[in-house]
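> sequence and predicted model, in that order:
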Amino acid sequence: MEFRFFYHFGNFLIMLKGMFSRPENMKMYWKQFMQQCVDIGVGSFGIVFIISLFMGGVTTLQTAYQLVSPIIPRSTIAQIVRDTIILEFAPTLTSIVLAGVVGSKIASELGNMRISEQIDALEIMGINTKGYLIAPKILAGILMIPVLICIAGFLGIWGGKEAGELSGVISSEQFMQGLRQEFKAYNVFFAMAKSFSFGFIIASVSAYYGYNVSGGALEIGKASTTAVVVSCILILFMDYALTAILL
């Protein structure tokens, strides 16, 4: 088990090192990067939108259910919802969902190219496949996943506000008052630090497993599953590590 870990970790570092070479055609690299930004960002917006709204709504209702004491002001509900979504739900929950959506797509796409020998054909043409196929995906993941997490944070808080109003547990004025109460800008910095780390993990781990597939169609499915599982484990581990270090 230990040797397998070091084998994969070493291969992963070699893959990252192989990306850093002078691009053969910068225009093609830029086109590939923009295409990946669209696939990762726009392609995942729908699921992020739905999850964020319900995440905020459920958090508001459950917080209101637990705060039954008349001593605690209702605006505290919004304060708890805000901090919970910014610190944990928006970065971590969204990233775990994106590991399934984006990660499996990247792994299966590269795996299919490897099985069908398209990667070998590009290498014969003298193209650095790690730089051309993997680097744009990782850069797009580092750029677009934090953007999606920011959107998830806004939508989660807005969903919580709407759910609170519709159910009658908190008025709009009380919610807005709670949002402004004891707000710490550092929490946003912490959430963004997590989102950039998670974006790198999702894109790079999925690209690694997809790029190194060998076999047939069955192995592509196994690589996609492994990429998602390993990404989720690393996201949770990094979530704990960053929380211990930065908070």
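Thanks, I have it. Treat the numbers as computed from the prediction; the structure is a model and nothing was measured. Numbering: from 1, shown residues only.
> name the residues of the longest helix anywhere in the chain that are buried.
In the chain, taking DSSP state H as the definition, the longest helix is helix 135-167. Within helix 135-167, the residues that qualify as buried are 135-153, 155-157, 159-164, counting by 16 or more other Cβ atoms under 10 Å. Where C-beta positions appear, they are placed from N, C-alpha and C, glycine not excepted.
> now do stretch 56-69
In stretch 56-69, counting by 16+ other Cβ under 10 Å, buried: 56-57, 59-61, 63-64, 67.
> what about it, average pLDDT?
Stretch 56-69 carries an average pLDDT of 88.
> same check, this time on stretch 182-197
Averaged across stretch 182-197, pLDDT comes to 92.
> residue closest to the middle of the protein?
By Cα atoms, centre = their mean, the mean C-alpha position of the chain lies nearest to residue 95, the distance being 3.1 Å.
> can you give me the helices for this protein?
So, for the chain - with DSSP H - the helices run 2-19, 26-37, 43-66, 75-84, 94-98, 104-115, 118-124, 129, 135-167, 172-180, 185-211, 217-246.
> out of these, which one sits most buried?
helix 94-98 (a mean of 24; mean count of other Cβ atoms under 10 Å).
> which strands or helices does that one pack on?
helix 43-66, helix 135-167, helix 185-211, helix 217-246 (3 or more Cβ pairs under 8 Å, 6 or more residues apart in numbering; DSSP states H and E).
> from the contact counts, what lies against the longest helix of the chain?
helix 26-37, helix 43-66, helix 75-84, helix 94-98, helix 172-180, helix 185-211.
> can you show me the CA trace of the third one as CSV?
Pointing back at helix 75-84 there. Taking Å, rounded to 0.1, in the frame of the first residue of the first chain, the C-alpha atoms of helix 75-84 are listed here in CSV:
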residue,chain,number,x,y,z
SER,A,75,-31.1,37.8,13.4
THR,A,76,-28.7,35.2,14.9
ILE,A,77,-30.1,32.7,12.4
ALA,A,78,-28.8,34.7,9.5
GLN,A,79,-25.4,35.1,11.2
ILE,A,80,-25.1,31.3,11.6
VAL,A,81,-26.3,30.6,8.1
ARG,A,82,-23.8,33.2,6.6
ASP,A,83,-20.8,31.8,8.5
THR,A,84,-21.7,28.1,7.9
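> let me know the average pLDDT across it.
91.
> mind listing residues that contact it?
Where contact means Cβ atoms under 8 Å, 6 or more residues apart in numbering, the residues beyond helix 75-84 that reach it are 56, 59-60, 63-64, 67, 157, 160-161, 164, 169-170, 174-179, 181-183, 187.
> between it and helix 185-211, how many degrees?
Angle of helix 75-84 versus helix 185-211, following axes from the mean of the first three to the mean of the last three Cα atoms, to 10 degrees, is 40 degrees.
> hey, what's the angle from helix 75-84 to helix 43-66? Just curious.
On the basis of the same axes, to 10 degrees, helix 75-84 is oriented at 140 degrees to helix 43-66.
> likewise for the longest one?
Helix 185-211 and helix 43-66 meet at an angle of 130 degrees, taking the same axes, to 10 degrees as the criterion.
> so what does helix 185-211 touch, helix or strand wise?
So helix 185-211, by 3+ Cβ pairs under 8 Å, 6+ apart, packs with helix 2-19, helix 94-98, helix 104-115, helix 135-167, helix 217-246.
> could you list the low-pLDDT ranges of the chain?
For the chain, the stretches with pLDDT under 70 are 1-2, 23-24.
> the same query, at a cut-off of 80, please.
Under the criterion pLDDT under 80, the flagged ranges of the chain are 1-3, 20-26, 68-70.
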